[in-house]
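[1] how does the following fold in three dimensions:
(chains A, B, C and D)
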2 protein chains.
Amino acid sequence: MAEGRRPRAATEEKRKRILDATEEIMLKEGYAAVSSRSVATAVGIQAPLVHYYFSTLDDLFVAVLRRRAGRNVERMAEALASPEPLRAWWKLASDPRGTALFVELLAAANHRPALKAEVGQIARDVRHMQMDALDTLLGEYGIDAEEFPPPLVAATIQGLAFSVVQDQAAGYDTAPDQAIVAMDRLVDRMEAGRTRKRR
Amino acid sequence: MAEGRRPRAATEEKRKRILDATEEIMLKEGYAAVSSRSVATAVGIQAPLVHYYFSTLDDLFVAVLRRRAGRNVERMAEALASPEPLRAWWKLASDPRGTALFVELLAAANHRPALKAEVGQIARDVRHMQMDALDTLLGEYGIDAEEFPPPLVAATIQGLAFSVVQDQAAGYDTAPDQAIVAMDRLVDRMEAGRTRKRR
DNA sequence: ACGTACTTAGAACGCCTGTTCAAACTTTTC
DNA sequence: GAAAAGTTTGAACAGGCGTTCTAAGTACGT
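    Next comes the predicted model:
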């Protein structure tokens, strides 16, 4: 019987280091700067070894996405089930590091079909999770679900977070701080005015 | 006295063709696929000629941005002064082609300082234009400017448009169509309920 | 018509890319 | 301690990159 690979203990650790280095490069120099050699140098290994762990660059990008997304899906589920779902959601969505990486992955996905498929799958899962939660939450926050249906609200929160965080991170002078202050205040009010339904 | 270059008649046309080809490549294959050679092939010229018109790739990217942005700044000014400013703004912001190009330029700007500075300048101008307009418009649409100040509203509209259009263009199954329908309906209502202030 | 200035082609520079291959090394298993 | 399996290296492939240089070609003002 084939038992498949029996990787050594240090392998998982090395995979992690490669993924970390890749994220770092994407954030600092953009996705286009990711190459077997640039990653290898950052980790302190030889280029072909990167291909030993991730046979193609596509695999590497997908692995970066999966690791990030896996964490974020978990966190989003926790946020939506937390005592203050809107606040937790907003906090999670407005994480600068995640957003910057997201832009790079989005742009990279434009011309890497394998990556694009993966992004689509994750986007779908997260969004549906958010919309399901909103089915209940909208009423609790006193929002008219007829006028502001879940798909609109979900897209708005995510889009707003993206817009504000991107401008802030890049240093674009579009008054993102004022937007954040206003949003924080709005979240405060909505959480205060929330009437939790009994089960 | 130096009189500078006296370009021939056809040069402006050729510059245009190079910019067109660059946009096309960015949309189809991502900003990383833009190279003197790929652009040259698309236009039907030799690679060094691209550098004759745009001495470095940075210059080329900046020129693409400037041309796009120039048009969009004009259109945004018109939109904000039109009979239905919100509808016009939303229509402009949710143009798919513009948004896709925007993602690429944003990602490219991450590691091209010259481009980044240009993006920042334009983002600032457009946003300030929008916020100025909102100072008047918010009251007309019956929105409490205390609770929803201009920086928040502007960031929300732009972010929502980005989120929805991106998901729709990429084919991500996040119910973007439902969000658009809801937003269109919302715009209808707000335009109908608008009370224009006399001057 | 001529000369000047603008435009284009071609070759070449050094460097980087993804990936493959065979060989060497190291850890584990028996 | 030998054999097996997992890991790492170094060299090499074919190709793309931005850019520069020289020389040829072409439109235009006079």
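[2] rest of the way, CA atoms for contacts and neighbours
    Noted.
[3] near DNA strand D, which residues of chain A are found?
    Applying CA under 7 Å from any atom of the strand, we find that chain A lies next to DNA strand D at A:4-11, A:14, A:45-46, A:48-49, A:52.
[4] how far does the longest helix along chain A sit from its chain's centre?
    Ranked by residue count under DSSP state H, the longest helix found in chain A is helix A:113-140. In terms of CA atoms, centre = their mean, to the nearest Å, the centre of helix A:113-140 is set 12 Å apart from its chain centre.
[5] what sits up against the helix or strand following it?
    Using DSSP states H and E, the helix or strand that follows helix A:113-140 in sequence is helix A:150-170. Contact partners of helix A:150-170, identified using CA atoms under 8 Å, 6 or more residues apart in numbering or on different chains, comprise A:90, A:93-96, A:99-100, A:127, A:130-132, A:134-135, A:138, A:173-174, A:176-177, A:179-180, B:110, B:120, B:155-164, B:174-176, B:178-180, B:182-183.
[6] whichever of the residues you listed end up buried, select them in ChimeraX.
    Remark: buried members of the contacts of helix A:150-170, expressed as a ChimeraX selection using 16 or more other CA atoms under 10 Å in any protein chain shown:
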select /A:90,93,94,96,99,100,127,130,131,134,138,173,174,176,177,179,180 /B:110,120,155,156,157,158,159,160,161,162,163,164,174,175,176,179,180,182,183
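[7] if we check DNA strand C, which of the contacts of helix A:150-170 are in contact?
    Of the contacts of helix A:150-170, not one also sits near DNA strand C (CA under 7 Å from any atom of the strand).
[8] thinking again about what came up before, lowest-confidence one in the residues of chain A next to DNA strand D?
    Within the set of those, pLDDT is lowest for A:G4 (60).
[9] before we move on, the earlier item: neighbour count and distance to chain B for the residues of chain A next to DNA strand D - can I get that in TSV?
    TSV is the format used below for the residues of chain A next to DNA strand D (neighbours: other CA atoms under 10 Å in any protein chain shown; distance: CA to the nearest CA, whole Å):
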residue	neighbour count	distance to chain B
A:G4	6	35
A:R5	6	35
A:R6	6	37
A:P7	8	35
A:R8	7	37
A:A9	8	37
A:A10	8	33
A:T11	11	32
A:K14	14	27
A:I45	13	25
A:Q46	14	24
A:P48	13	23
A:L49	13	25
A:Y52	9	25
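[10] in helices, which of the residues you listed appear?
    Those of the residues of chain A next to DNA strand D mapping onto helices are A:A10, A:T11, A:K14, A:P48, A:L49, A:Y52, per DSSP H.
[11] and which of these is nearest B:T56?
    Of all these, A:P48 has the smallest distance to B:T56: 32.2 Å, by CA to CA.
[12] relative to A:A123, how far out is the closest one?
    Using CA to CA, to the nearest Å, we find A:P48 at a distance of 32 Å from A:A123.
[13] so which bits of stretch A:139-159 are buried?
    Going by neighbour count (16+ other CA under 10 Å), the buried part of stretch A:139-159 is A:140-141, A:145, A:148-159.
[14] wait, I meant stretch A:23-42
    By neighbour count, with 16+ other CA under 10 Å as the criterion, the buried positions of stretch A:23-42 are A:23-27, A:29-40.
[15] likewise stretch A:58-67?
    A:D58, A:L60, A:F61, A:V62, A:A63, A:V64, A:L65, A:R66.
[16] just confirm yes or no for it near chain B.
    No: shown here: stretch A:58-67 not in contact with chain B (CA under 8 Å from any CA of the partner chain), separated by at least 14.9 Å.
[17] ok, back up a step: now the residues of chain A next to DNA strand D in a markdown table, with distance to B:M190?
    Below are those laid out as a markdown table (distance: CA to CA, whole Å):
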| residue | distance to B:M190 |
| --- | --- |
| A:G4 | 62 |
| A:R5 | 62 |
| A:R6 | 63 |
| A:P7 | 61 |
| A:R8 | 63 |
| A:A9 | 62 |
| A:A10 | 60 |
| A:T11 | 58 |
| A:K14 | 56 |
| A:I45 | 60 |
| A:Q46 | 60 |
| A:P48 | 59 |
| A:L49 | 59 |
| A:Y52 | 58 |
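[18] and of the residues you listed, the nearest to A:A192?
    Nearest to A:A192 among the residues of chain A next to DNA strand D is A:K14, at 46.5 Å by CA to CA.
[19] check the residues of chain A next to DNA strand D one by one and keep those near DNA strand C.
    Checking those against DNA strand C by CA under 7 Å from any atom of the strand, the ones in range are A:R8, A:A9, A:P48.
[20] so who does the last one touch?
    Meaning A:P48. Going by CA under 8 Å, 6+ apart, the list of residues near A:P48 reads A:S36.
[21] 6 Å instead?
    For A:P48, no contacting residues are found, by CA atoms under 6 Å, 6 or more residues apart in numbering or on different chains.
[22] could you do the one 4 residues further on as well?
    For A:Y52, the set of contacting residues under the criterion of CA under 6 Å, 6+ apart is empty.
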